[in-house]
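*Asks:* the following comprises the amino acid sequence and a computationally predicted model.
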Number of protein chains: 2
Amino acid sequence: MLDERTRQVLLAVIQCYIGAAGPVGSRLVTKKYSFGLSPATIRNIMSDLEDMGYLRQPHTSAGRVPTDSGYRFYVDSLLNDRQQVRKDHLAELTRKLETLRQDINSFLDEASKMLSFLTHYIGITMTPGAGCTTLNRIELIKHRGDQLAVIMFTDEGLIKNKVVSIDPELSQKNLNRIASYINSRYSGLTLDEIRKRVVGEMTRESLLCDGLIAEALKICRNVFSVSPGDVYISGLSEMLSLPDFSDIERIRELLKAIEDKRIVVTLLDNISDAEGTQVFIGSENPIDEMKQFSIVAATYKEGTRPIGAIGIIGPTRMNYLEAISIVDLTASYITRILSYR
Amino acid sequence: MLDERTRQVLLAVIQCYIGAAGPVGSRLVTKKYSFGLSPATIRNIMSDLEDMGYLRQPHTSAGRVPTDSGYRFYVDSLLNDRQQVRKDHLAELTRKLETLRQDINSFLDEASKMLSFLTHYIGITMTPGAGCTTLNRIELIKHRGDQLAVIMFTDEGLIKNKVVSIDPELSQKNLNRIASYINSRYSGLTLDEIRKRVVGEMTRESLLCDGLIAEALKICRNVFSVSPGDVYISGLSEMLSLPDFSDIERIRELLKAIEDKRIVVTLLDNISDAEGTQVFIGSENPIDEMKQFSIVAATYKEGTRPIGAIGIIGPTRMNYLEAISIVDLTASYITRILSYR
DNA sequence: TATTAGCACTCGATGATGGAGAGTGCTAAA
DNA sequence: TTTAGCACTCTCCATCATCGAGTGCTAATA
């Protein structure tokens, strides 16, 4: 549908814009790329591209700026040439990541810092959500008074703890019974599934009036309540150095959204099902507050099952090629790390 | 040293400025406060105050603006009238906080959000640092393969876990022995003390060549390594709505400092020893990147011993009266909550 | 027919100009 | 000692002209 030459011009304009942050004019294109065409011809082509909705003019007689669909076209052609993506940065990235062999939380924390460091955008990483985390087993340890420490081991190697209040009369022996009851019943299920089951069983089992089972369910209800999973965000200050954020209002909007980690979680949960790297450009973005930004995100996997997500948030004028490579590599690196353990 | 009338004028100017964010002129002062003096007289007094370094003029024939010493004077006189502080907000604050009865981490998370919500500045809370956290006991649970989960219970009611790699041959029985060895030896000490001891004993005990003790020390070295404590920061977007931050550069500086949680930790560690609420105004600030801002911070206690710190970061043009009240109340509320458990 | 050179036109950015207004400092009178 | 009066200073804002980058259109060209 798009003439090859026209296509090349579009890509050139977008690349110029990504590089220079200002509207790009016909002359600049002829200078930086040798199409063997005069500015006038380029102008005509650019005018066509504007009609097609890939470019727009901030005002008459400024250069052109890509629209969201323009970026989309650009990104799609990048994704078609997968070999372009991936090959740079490989060395630097793995060198950095190799040094990090810690528990998954600090690892993801570091990973988000690295994402932002390499891209200069905001780096986000997330631990596996309740939908992807399968319970291996729990241990119950009495803390003091009415406080019970619940230690949760998951198949993904996460360890979480939670404190719940219980009847202080419960002995450690009974707690052990409760633990093995819970383990036998729920081990192997995702935390989400467990939560749903518990809710269901609460009503039924309470009729049985078995004290311990009732107690067990009460504990479960607390422990497996909806919990968002940890999110690591870095690079806010990096972002601010970009010329794209001269006015404060946009940043404020974004910060407001990011500070509410639940928003970030839903954002990344959205993509957790999908394979591979996904790109949301400006208005394509599922979250209203981020319709001025672009997101590049990917999932990391346990074996072949996607369990968590990472990504970056940047301006729509983003270096997509680099961003996609870096996110992609980081995600597969995390996958690899997880498989070692 | 300062004439009472002069003092009153200074306080009036500062209050005006805090309210209106613009340089305040002599006429405005006579209008808002009834000193029974004409603008001309006020002008003379303000000129004196400028000579004394409490006020300054952004340029000839603008109004006056408080200097850091001016704010300092203001804050000191606030702190002398303690009854002024504290009495407002009490109702709202406790109502909000009463609803929060969770583990200390989520509690502190919420507390930081509330600090920023109430003050419109950046709210910061911190879990007790390694110097203030005393070990109650640890439990060692084999996870899988060479991974050991170390669950740490502290006297303050914190529960932390950490994963360390161990010799996969170690049986749970031996792990239990190691745990009780560690508990008997280190329980009641702060994590910092333990870390230091372990380092010392590493060299000596290794000569003894008791396999289990060596193993125990190895685990301890990992578990009690310097770890910063968790920091909760909120209200970045709140801050951006203030008129004080029209230029982006200051914010970027601040964000950069805040993103490095270690900086925040050292900041709050500084004040952890001191009693009561502390105020750092602009250049008084220990951290370079924050010399444009003011900090109001207080410690919360376990019994009478300060164990952690909370605070807010705002512009030097801060509503100190309100800020001090809120920080003060929140800190003592946290202290109270801790004593319940 | 497609491309190009030439040209008039548009519009933002930049900088100079000139009140208006707020606030000061100084002087002289109360 | 305080105050009224006044000249002065400096920022802010709107206006205006200029400059330049870039366009769209038309006519010439390959």
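*Replies:* Right, received. Where do you want to start? Residues are numbered from 1 along each chain as shown, chains lettered A, B, ... in the order given.
*Asks:* what does chain A have sitting close to DNA strand C?
*Replies:* Residues of chain A lying close to DNA strand C (CB under 7 Å from any atom of the strand) are A:Gly36, A:Leu37, A:Ser38, A:Ala40, A:Thr41, A:Asn44, A:Pro58, A:His59, A:Thr60, A:Ser61, A:Ala62. (Each C-beta comes from the backbone N, C-alpha and C, glycine too.)
*Asks:* close to chain B: what parts of chain A are there?
*Replies:* Selection of chain A residues close to chain B by CB under 8 Å from any CB of the partner chain yields A:103, A:136, A:139, A:141, A:143-145, A:147, A:149, A:151, A:153, A:157, A:159, A:161-163, A:234-237, A:240-241, A:245-246, A:248, A:251-253, A:255-256, A:259, A:341.
*Asks:* what's near enough to touch A:Tyr300?
*Replies:* For A:Tyr300, the contacting residues are A:Pro306, A:Ile307, A:Gly308, A:Ala309, A:Ile310, A:Ala331, A:Ser332, A:Ile334, A:Thr335, A:Leu338, by CB atoms under 8 Å, 6 or more residues apart in numbering or on different chains.
*Asks:* what bridges to it?
*Replies:* A:Tyr300 has these beta-bridge partners by DSSP bridges: A:Gly308.
*Asks:* tell me, what's the model's pLDDT at it?
*Replies:* At A:Tyr300, the model reports a pLDDT of 92.
*Asks:* and what of A:Val75?
*Replies:* Looking at A:Val75, the pLDDT reads 96.
*Asks:* SS state for it?
*Replies:* Three-state call for A:Val75 (DSSP: H, G, I helix; E, B strand; the rest coil): helix.
*Asks:* distance check, it against A:Glu238.
*Replies:* Per CB to CB, to the nearest Å, A:Val75 is found 22 Å from A:Glu238.
*Asks:* hmm, back to that, what is the nearest of the residues of chain A next to DNA strand C to DNA strand D?
*Replies:* A:Ser61 (3.7 Å; CB to the nearest atom of the strand).
*Asks:* contact partners for the residue of chain A found nearest DNA strand D?
*Replies:* As assessed by CB to the nearest atom of the strand, DNA strand D sits closest to A:Gly25 within chain A, at 2.9 Å. Contacts for A:Gly25 (CB under 8 Å, 6+ apart) come out as A:Ala62, A:Gly63, A:Arg64.
*Asks:* list the buried ones in stretch A:317-333?
*Replies:* For stretch A:317-333, burial by neighbour count (16 or more other CB atoms under 10 Å in any protein chain shown) applies to A:317-333.
*Asks:* just the CA atoms of that stretch, as PDB, please.
*Replies:* Extracted C-alpha coordinates of stretch A:317-333, given in PDB (Å, rounded to 0.1, in the frame of the first residue of the first chain):
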ATOM      1  CA  ARG A 317       9.900  10.200  20.300                       C
ATOM      2  CA  MET A 318      11.800   7.200  21.500                       C
ATOM      3  CA  ASN A 319      14.700   5.400  20.100                       C
ATOM      4  CA  TYR A 320      12.600   2.300  19.400                       C
ATOM      5  CA  LEU A 321      15.300   0.300  17.800                       C
ATOM      6  CA  GLU A 322      17.500   0.500  20.800                       C
ATOM      7  CA  ALA A 323      14.700   0.400  23.300                       C
ATOM      8  CA  ILE A 324      13.300  -2.800  21.900                       C
ATOM      9  CA  SER A 325      16.700  -4.500  21.800                       C
ATOM     10  CA  ILE A 326      17.400  -3.600  25.300                       C
ATOM     11  CA  VAL A 327      14.100  -4.600  26.700                       C
ATOM     12  CA  ASP A 328      14.100  -7.800  24.700                       C
ATOM     13  CA  LEU A 329      17.600  -8.800  25.900                       C
ATOM     14  CA  THR A 330      17.000  -8.000  29.500                       C
ATOM     15  CA  ALA A 331      13.800 -10.000  29.500                       C
ATOM     16  CA  SER A 332      15.500 -13.100  28.000                       C
ATOM     17  CA  TYR A 333      18.300 -12.600  30.400                       C
END
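*Asks:* how far off centre is it?
*Replies:* Here stretch A:317-333 shows a centroid-to-chain-centroid distance of 12 Å under the convention CA atoms, centre = their mean, to the nearest Å.
*Asks:* average model confidence for that stretch?
*Replies:* Rounded mean pLDDT across stretch A:317-333 is 91.
*Asks:* what's the lengthiest helix in chain A packed up against?
*Replies:* Secondary structure assigned by DSSP state H gives helix A:320-340 as the longest helix of chain A. Here helix A:320-340 touches helix A:68-80, helix A:90-98, helix A:104-119, strand A:277-281, strand A:293-302, strand A:305-315, going by 3 or more CB pairs under 8 Å, 6 or more residues apart in numbering or on different chains; DSSP states H and E.
*Asks:* report the distance from that helix to the chain centre.
*Replies:* On CA atoms, centre = their mean, the centre of helix A:320-340 falls 12 Å from that of its chain.
*Asks:* go on, stretch A:33-44?
*Replies:* 40 Å.
*Asks:* which stretches of the stretch 151-300 of chain A have low pLDDT?
*Replies:* A:205-210 (pLDDT under 70).
*Asks:* burial of A:Asp247, as a residue count?
*Replies:* By other CB atoms under 10 Å in any protein chain shown, 9 other residues sit near A:Asp247.
*Asks:* repeat that for A:Glu169.
*Replies:* Using other CB under 10 Å: A:Glu169 sits among 7 other residues.
*Asks:* again with the one 5 residues further on
*Replies:* Other residues within reach of A:Asn174 by the criterion other CB under 10 Å amount to 16.
*Asks:* also the one 5 residues further on?
*Replies:* Using other CB under 10 Å, A:Ala179 has 19 other residues around it.
*Asks:* and it, which helix or strand is it part of?
*Replies:* Counting by DSSP states H and E, the element that carries A:Ala179 is helix A:172-186.
*Asks:* what is that helix packed up against?
*Replies:* strand A:135-144, helix A:211-223.
*Asks:* so how far is the shortest one from its chain's centroid?
*Replies:* Yep, that's strand A:135-144 we're talking about. Mean-position distance between strand A:135-144 and its chain equals 30 Å (CA atoms, centre = their mean).
*Asks:* ok, and the closest non-adjacent residue to the closest residue to DNA strand C within the stretch 201-341 of chain A?
*Replies:* As assessed by CB to the nearest atom of the strand, DNA strand C sits closest to A:Ser246 within the stretch 201-341 of chain A, at 10.5 Å. Excluding the flanking residues, the one nearest A:Ser246 by CB to CB, 6 or more residues apart in numbering or on different chains is B:Ile248, at 7.1 Å.
*Asks:* and A:Pro128, which of the three is it?
*Replies:* coil.
*Asks:* phi and psi next, for it.
*Replies:* phi -50, psi 140 (degrees, to the nearest 10).
*Asks:* distance of it relative to A:Gly229?
*Replies:* 7 Å.
*Asks:* identify the contacts common to these two.
*Replies:* Jointly contacting A:Pro128 and A:Gly229 under the rule CB under 8 Å, 6+ apart are A:Gly308.
*Asks:* higher neighbour count, these two?
*Replies:* A:Pro128 (27 against 21).
*Asks:* from what I can see the more buried one touches A:Asp230, true?
*Replies:* No: applying CB atoms under 8 Å as the test, A:Pro128 and A:Asp230 come out as separate, 9.7 Å apart.
*Asks:* which positions in the stretch 51-200 of chain A make contact with DNA strand D?
*Replies:* So the stretch 51-200 of chain A meets DNA strand D at A:Gln57, A:Thr60, A:Ser61, A:Ala62, A:Gly63, A:Arg64 (CB under 7 Å from any atom of the strand).
*Asks:* can you put these in CSV and add neighbour count, distance to B:Phe280 and pLDDT?
*Replies:* Formatted as CSV, these follow (neighbours: other CB atoms under 10 Å in any protein chain shown; distance: CB to CB, whole Å; pLDDT from 0 to 100):
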residue, neighbour count, distance to B:Phe280, pLDDT
A:Gln57, 14, 50, 95
A:Thr60, 5, 53, 87
A:Ser61, 8, 52, 84
A:Ala62, 13, 47, 89
A:Gly63, 20, 48, 91
A:Arg64, 26, 50, 96
